[in-house]
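*Asks:* requesting a structural model of the entry that follows:
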Amino acid sequence: MALPTPTLHTARLRLRPFTDADADALFALHSDAHVLRYWDSPPWTEPARAERFLATCRTLAEEGSGARLAMDRVSDGAFVGWCSLSRWNPDHRSAAIGYCLGEAAWGQGYATEAAYAVLRWAFDTLDLNRVQAETDTRNTASARVLEKLGFVREGTLREDCVVNGDVSDSWVYGLLRREWR
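*Replies:* Residues are numbered from 1 along each chain as shown. So this is what the prediction gives:
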C-alpha cells in the first residue's frame, strides 16, 4: 500500500516531500561531522549519497513503509533539515520517528515543531497506536525533544551501535496514542 508523503504546515515550518533539487542541501547537512556526531553512520563524503537518500525517500513512499519530509523555514524558505516516519506497520499500528537538523537550526524548537506536525499526521491519518524513537544516550538535546512531545524513555539498548569508532548506547522512547491526546 502506498503512503503518500504529505505536505504539512506549522507556524514556522513547511514539511514537504523531497525533490531532486534538495540534493545539495542534503549533502551539506549529512557531510557535517558535528551534526552527525551521534549517528551510527559516518558523514557523507560523496554527493551521490544524497541522490541515494532521495531515491530511498521515493521507495519508502511507494512501498508504504514510511515518509521523509524536507523541513523548510517559512520566513525565508531555507532548508533546515528533515523529519521522517519510518517502519510503518499497519498491522501493529506502529511506526518510528526521526529527524536531522543543521546546526544553524538547533535550539530554536524546530525539531519539536516538525516532529509534532508529523506525529499529528501519523496519529490522525494512519491510526497509529505507538510511535517509537531512538537516540544516542549522549544526545541530550534529542532526548529533550522527545520528552517535550510526551515520549517516555522505555529502556537502554546497551552498546547497540558504533558511532565514530566508539561503542555507544541508545535510549528507546515510546509514545502511545492515549498519551498523545
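*Asks:* just the CA coordinates of stretch 29-43, formatted as PDB?
*Replies:* Extracted in PDB, the C-alpha atoms of stretch 29-43 (Å, rounded to 0.1, in the frame of the first residue of the first chain):
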ATOM      1  CA  LEU A  29      23.700  18.500   6.100                       C
ATOM      2  CA  HIS A  30      24.900  14.900   6.100                       C
ATOM      3  CA  SER A  31      28.500  15.700   5.400                       C
ATOM      4  CA  ASP A  32      28.800  17.800   8.600                       C
ATOM      5  CA  ALA A  33      30.600  15.700  11.100                       C
ATOM      6  CA  HIS A  34      29.400  17.800  14.000                       C
ATOM      7  CA  VAL A  35      25.700  17.300  13.000                       C
ATOM      8  CA  LEU A  36      26.300  13.600  12.700                       C
ATOM      9  CA  ARG A  37      28.400  13.100  15.700                       C
ATOM     10  CA  TYR A  38      25.800  10.800  17.400                       C
ATOM     11  CA  TRP A  39      24.700   9.000  14.200                       C
ATOM     12  CA  ASP A  40      25.600   5.400  13.600                       C
ATOM     13  CA  SER A  41      26.900   6.200  10.100                       C
ATOM     14  CA  PRO A  42      29.700   8.400   9.100                       C
ATOM     15  CA  PRO A  43      29.300  11.800   7.400                       C
END
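*Asks:* that stretch - what's its average pLDDT?
*Replies:* Averaged across stretch 29-43, the pLDDT comes to 93.
*Asks:* please state the offset of that stretch from the chain centre?
*Replies:* 14 Å (C-alpha atoms, centre = their mean, to the nearest Å).
*Asks:* shaky segments in the protein?
*Replies:* 1-2, 181 (pLDDT under 70).
*Asks:* who touches stretch 145-165?
*Replies:* By C-beta atoms under 8 Å, 6 or more residues apart in numbering, the residues outside stretch 145-165 that reach it are 37-40, 42, 99, 111-112, 115-116, 119, 131, 133-137, 143, 167-175, 179-180. To be clear about C-beta, it is placed using only N, CA and C from the backbone, and glycine gets the same treatment.
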